[in-house]
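Asks: Sequence and predicted model, in that order:
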Amino acid sequence: MTKPACLLTIAGTDPSGGAGVQVDLNVFRDWGFHGLSVVTAVVAQNTQSVLRFESLSGRLVRDQLATLLEDVSPVGVKIGMLSSAEAVDEIATALEGLGGEVPVVFDPVMASGGHQSLRRPGTVEAMRQRLFPRVDVLTPNVPEAELLLDTTLSDVDDLIAAAEALAESGCAVLLKAGHLHARTAGPDEGIADVLATRAGARRLAALEPIDGDIRGTGCQLSSALTAALALGMPLPEAVETARRYLNDLLHSCRRRVGRGRPVIVRAEAPRNPLEDR
Ligand code: PXL
């Protein structure tokens with residue numbers, strides 16, 4: 001019997017099924033992969049706000065990774081919420097053991113959409129030093145890029161420069177423009193993310209904007225990108241396929257499950273992201 005292809009998410013939890021580990025596994029399923037998951041933090045939150053979170057100890061993150069990876073070999077890894085420097089360290093070490101063939105996508109989650117911080121002090125420096133050199137693609141949004149570069153991004157030229165600066169660490173960078181769009185754009189303008197490698201940065205085709213603020217979009221884009229790369233797509237094609245998949249979900253599957261922000265609900269409309277490529 002052949003083994004199914006597995007993808008691993010290393011991330012925090014969202015009891016409301018809008019973000020974090022819970023949605024990453026849904027995305028992997030959409031793309032035809034079996035989902036593996038290592039939890040870094042347990043978050044008490046709902047669709048309205050984050051109450052609080054606790055980071056799992058570095059040792060427990062290490063043990064989850066070690067015991068899983070001695071048995072199962074993922075073909076791609078997505079990393080989401082990392083709330084402690086100890087967890088960053090353990091994950092960087094585990095990635096070294098995986099070898100360079102397995103694509104690694106890192107969504108450097110810093111805060112919930114409601115702006116509550118999802119990390120402890122010292123985590124950002126550890127990410128920069130230990131993790132960036134081991135990651136294939138970094139997928140920050142505008143506030144995350146601002147924090148990582150200690151700057152303010154106000155227009156498209158700033159986005160290009162920021163993506164290029166982040167790509168100097170060696171990973172490709174998909175800088176998501178949604179927050180800048182919400183701050184500055186006219187009603188008919190699409191959302192044009194920026195993709196950078198060491199060879200330079202460019203704006204991507206504008207996608208139709210969505211009204212309102214939906215939870216978990218960054219988690220789902222980075223998980224879809226991991227899946228597309230694990231299928232062997234070259235980076236530009238993987239990025240475009242993942243962006244179109246997410247944009248389609250945002251327009252067709254947005255539902256309110258509580259009193260707060262809407263989430264993506266797949267229960268009524270299962271997806272096959274590769275169907276209409
Ligand atoms: O969407 C960012 C994010 C990632 N991971 C977890 C979250 C959130 C936002 O709330 O809770 C666990």
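Replies: Alright, I've got the coordinates.

Asks: Quick check: buried residues in stretch 222-232?
Replies: Residues of stretch 222-232 classed as buried under the neighbour-count rule (16 or more other CB atoms under 10 Å) are Ser222, Ser223, Ala224, Leu225, Thr226, Ala227, Ala228, Leu229, Ala230, Leu231. C-beta here means a position set from N, CA and C on the backbone, and glycine is covered the same way.

Asks: I figured the third one hits Val239, correct?
Replies: Yep, that's Ala224 we're talking about. No - Ala224 is beyond contact range of Val239, at 9.6 Å (criterion: CB atoms under 8 Å).

Asks: And for Met81, the neighbour number?
Replies: By other CB atoms under 10 Å, 29 other residues sit near Met81.

Asks: That should have said Ile210, apologies.
Replies: Applying other CB under 10 Å, we find 17 other residues in the vicinity of Ile210.

Asks: got it, and Leu147?
Replies: When neighbours are defined as other CB under 10 Å, Leu147 has 15 of them.

Asks: what's the distance between it and the ligand?
Replies: As judged by CB to the nearest ligand atom, to the nearest Å, Leu147 and the ligand stand 14 Å apart.

Asks: got a list of what that residue touches?
Replies: The contact partners of Leu147, taken as CB atoms under 8 Å, 6 or more residues apart in numbering, are Met110, Val124.

Asks: quick one, strands of the stretch 51-200 of the chain?
Replies: For the stretch 51-200 of the chain, the strands defined by DSSP state E, counting those that start in this stretch cover 76-79, 104-106, 137-138, 172-175, 194-197, 200-203.

Asks: In a markdown table, list the ones you listed along with mean pLDDT and mean neighbour count.
Replies: What follows is the strands of the stretch 51-200 of the chain, written out as a markdown table (pLDDT from 0 to 100; neighbours: other CB atoms under 10 Å):
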| stretch | mean pLDDT | mean neighbour count |
| --- | --- | --- |
| strand 76-79 | 98 | 28 |
| strand 104-106 | 98 | 27 |
| strand 137-138 | 98 | 26 |
| strand 172-175 | 98 | 26 |
| strand 194-197 | 96 | 21 |
| strand 200-203 | 94 | 15 |
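
Asks: Can you lay out those strands as TSV showing distance to Val156?
Replies: TSV is the format used below for those (distance: least, CB to CB, whole Å):
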stretch	distance to Val156
strand 76-79	27
strand 104-106	24
strand 137-138	19
strand 172-175	10
strand 194-197	8
strand 200-203	7
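
Asks: Out of those strands, the one nearest the ligand is which?
Replies: strand 76-79 (10.7 Å; CB to the nearest ligand atom).

Asks: any bit of that closest one sitting next to the ligand?
Replies: No - using CB under 6 Å from any ligand atom, strand 76-79 never reaches the ligand; the gap is at least 10.7 Å.

Asks: could I have that strand exported to CSV, CA atoms only?
Replies: Output of strand 76-79 as CSV, limited to C-alpha atoms (Å, rounded to 0.1, in the frame of the first residue of the first chain):
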residue,chain,number,x,y,z
GLY,A,76,6.1,20.2,3.1
VAL,A,77,6.0,22.3,6.3
LYS,A,78,4.0,25.3,7.1
ILE,A,79,4.9,27.3,10.2
